[in-house]
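**Student:** what's the 3D shape of this:
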Amino acid sequence: MLGNCNMLVWLGLNAFLFWWYYRVYDVPVKYHYSRKLLGSALAWARAPAACLNFNCLLILLPVCRNLLSFLRGSSACCSTRIRRQLDRNLTFHKMVAWMIALHTAIHTIAHLFNVERCVDGRVEAKGTIQAALSDLGDKTGETYLNF
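**Tutor:** Numbering: from 1, shown residues only. Modelled structure (predicted):
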């Protein structure tokens, strides 16, 4: 039961990070022009990037032999349940790897949409907001839109 609870906490953290960073890039006014040019692909690229950072932090912990030995050796603070969880370290390592693969796929696909939208902005008819944003930075001394 404790293992399922740990997995739910991990999945919940991933869902929260995804939701939080999606909202960070999809709602505020400071990304208005980036959203005009890229659409929701900006948020779809940044949200899995946050989850990738979190899961890449976790990927090595379950296979860190010194850490596992230390935790197993300190049996005064570790109950039998916790020691059982330490024995499932490879399962958690594999699940984190699958989560990294999933978020990498979402992140990469979102960037492909970003590139497509940037190219579309370059060939848009003059007078549209996408064309105007794409043309920023073409003239010397002109600032550009930093995605």
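**Student:** State the pLDDT value of P48.
**Tutor:** We have a pLDDT of 96 for P48.
**Student:** Likewise for H93?
**Tutor:** 84.
**Student:** ok, now Q130?
**Tutor:** 64.
**Student:** Beyond the host helix or strand of F16, next helix or strand please.
**Tutor:** For F16, the host element (DSSP states H and E) is helix 2-26. The helix or strand immediately downstream of helix 2-26 is helix 32-38, counting by DSSP H and E.
**Student:** buried set for the helix or strand following that following helix?
**Tutor:** Next helix or strand after helix 32-38 toward the C-terminus (DSSP H and E): helix 41-58. The neighbour-count check on helix 41-58 (16 or more other Cβ atoms under 10 Å) flags 41-52, 54-55, 58 as buried. No exception for glycine: its C-beta is placed from N, CA and C like everyone else's.
**Student:** quick one: helix 41-58 to helix 2-26, angle?
**Tutor:** 150 degrees (axes from the mean of the first three to the mean of the last three Cα atoms, to 10 degrees).
**Student:** For the chain, which residues score under the pLDDT cut-off?
**Tutor:** Along the chain, segments meeting pLDDT under 70 span 1-3, 64-88, 121-139, 141-147.
**Student:** Please repeat the previous calculation with a cut-off of 50.
**Tutor:** Applying pLDDT under 50 to the chain flags the ranges 1-2.
**Student:** Does anything pack onto the longest helix that it contains? Which helices or strands?
**Tutor:** Among the segments of the chain that qualify as a helix by DSSP state H, the longest is helix 89-123. For helix 89-123, the packing partners by 3 or more Cβ pairs under 8 Å, 6 or more residues apart in numbering; DSSP states H and E come out as helix 2-26, helix 32-38, helix 41-58, helix 129-135.
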